[in-house]
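> give me coordinates for this.
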Amino acid sequence: MKTITLSLITALTLAGCASTQTYKAPTQNYRLKGQDNAITINGAIFSQKKHELDTPKLTAGIYINGSLYIEVPLDRQGNGQATGGTFEDKSTEASCHSKPVAKGIANIDCMVFIDNEKTVTLTF
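The predicted structure is shown next:
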């Protein structure tokens, strides 16, 4: 009984230390060359810490028509790039860069490409 109680307390303590914050970019519509219908592209930046004293790990998630296609790991400055899954047999990728907007404050812009065509820039 003591082992079960101790394990439960340990699990609850570890679960309480993990934290996640999300920053979202608004949805944008885009019509690919040669397509009749527009697609929707939006994104979210996830800031995760496993323990209270950890440095947060940032990842930008890029969604096309509501499905996650690209995950971009960001460095401490908010920069990164990654390729994602294929969307309608087309390659996907994103390139993210931070941009200072005020003292100590920066936006992160992520340019999204589908089949090497620049589609939208998401701002977080």
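> contact partners for K99?
Contact analysis of K99 by Cβ atoms under 8 Å, 6 or more residues apart in numbering lists 106-109. Heads up, the C-betas are built off the backbone N, CA and C, glycines and all.
> mind doing that once more with 7 Å?
Contacts here follow Cβ atoms under 7 Å, 6 or more residues apart in numbering; on that basis K99 touches 106-107, 109.
> just the buried members of those?
By the neighbour-count criterion of 16 or more other Cβ atoms under 10 Å, the contacts of K99 include these buried positions: D109.
> tell me the contacts of the residue nearest to the spatial centre of the chain?
For the chain, the residue whose C-alpha lies nearest the mean C-alpha position (Cα atoms, centre = their mean) is A60; its distance is 1.9 Å. Residues in contact with A60 (Cβ under 7 Å, 6+ apart) are 43, 45, 72, 74, 94, 96, 110.
> residues contacting the closest residue to it other than its chain neighbours?
Computed as Cβ to Cβ, 6 or more residues apart in numbering, the closest residue to A60 that is not its neighbour in sequence is V72, at 4.2 Å. When contacts are counted by Cβ under 7 Å, 6+ apart, V72 touches 59-60, 80-82, 94, 96, 110.
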